[in-house]
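> A structural model of the following input is requested.
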Amino acid sequence: NNVITVASHLAQILKNNERLKIVLSSHHTLFYNVMGNELKNANKYFLFKTEKKEIYLLKDTGNTPYFYHISMLIELNRAATKGNLYTYHFNMLRNILEKTAYFHGFSNFSDCIRQDNDDPEGTIHTRMINVLNHGGHSIFEPKEMVEDNKKAFVKILDNFTLDYRFNPELFK
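Residues are numbered from 1 along each chain as shown. Presented below is the predicted three-dimensional model:
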């Protein structure tokens, strides 16, 4: 609610002052979507890193906002497929799980994690995500996951993409 209110008020200020030229940058997709809907004539771009990881480009999104969670999911799938999993990938996975939980009306991201038969309380994967999502696992000092964590990560991600179906063409 606060994000929508702030974005709407900011858009009204910008619409009422045509001489004002600004650049807005946000990682928050809801904020981005509200601003995009309010400022229909504004240029909308997405900043992304190329495959070479050395060059940043701006992509014109036109009237279709770029869905950050989709690109995170594609990146996670790519990392899992190649086995290049780092502890910060748990942070990205949690972000996707949170967005999905809120979209589906759940109160906690753990509601989007499939419960295993050997985990009757359904807490093992949630605890793993919580532990590896916080602490000294900075994206500025990435540490490759140990094999057990990689297996658990892939299992959580695979089950998530089976339970919450996305276009399989995204992962080719």
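> quick one: strands adjacent to the lowest-mean-pLDDT helix or strand in the chain?
Confidence across the helices and strands of the chain bottoms out at strand 45-49, with a mean of 76, counting by mean pLDDT, DSSP states H and E. Applying DSSP bridges to the sheet, strand 45-49 is found paired with strand 56-60 (antiparallel).
> average pLDDT for the partner strand, rounded please.
Mean pLDDT, strand 56-60: 81.
> stretch 100-111 too?
The average pLDDT within stretch 100-111 is 88.
> secondary structure class for the spatially most central residue of the chain?
In the chain, the residue lying closest to the centroid (Cα atoms, centre = their mean) is His69, at 3.4 Å. State at His69, reduced to three classes by DSSP: H, G, I helix; E, B strand; the rest coil: helix.
> residues contacting it?
Thr29, Asn95, Ile96, Lys99, Thr100 (Cβ atoms under 8 Å, 6 or more residues apart in numbering). Bear in mind the C-beta positions are built from the backbone N, C-alpha and C, glycine included.
> mind giving me the PyMOL select for these, buried ones only?
To isolate the buried ones among the contacts of His69 in PyMOL, judged by 16 or more other Cβ atoms under 10 Å, type:
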select buried, resi 29+95+96+99+100
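> Serialize the contacts of His69 to CSV and add fields for secondary structure and distance to Val154.
As requested, the contacts of His69 are arranged in CSV below (DSSP: H, G, I helix; E, B strand; the rest coil; distance: Cβ to Cβ, whole Å):
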residue, secondary structure, distance to Val154
Thr29, helix, 25
Asn95, helix, 18
Ile96, helix, 14
Lys99, helix, 20
Thr100, helix, 18
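> out of the contacts of His69, what pair is the most spread apart?
Thr29 and Thr100 (12.6 Å; Cβ to Cβ).
> count the residues that sit near Ala79.
20 (other Cβ atoms under 10 Å).
> look up how far Glu38 lies from Tyr32.
Between Tyr32 and Glu38 the distance is 11 Å, computed by Cβ to Cβ, to the nearest Å.
> okay, the two: which has more neighbours?
A count of neighbours by other Cβ under 10 Å puts Tyr32 above the other of Tyr32 and Glu38, at 22 against 16.
> let me know the secondary structure of that one.
Classification of Tyr32 by three-state DSSP places it in helix.
> hmm, it is touching Ser26, no?
Yes: at 5.2 Å, Tyr32 counts as touching Ser26 under the criterion of Cβ atoms under 8 Å.
> where does pLDDT dip in the protein?
Within the chain, the segments meeting pLDDT under 70 span 62-68, 134-141.
> ok, which stretches of it are helices?
2-15, 29-38, 68-82, 88-103, 124-133, 147-163 (DSSP state H).
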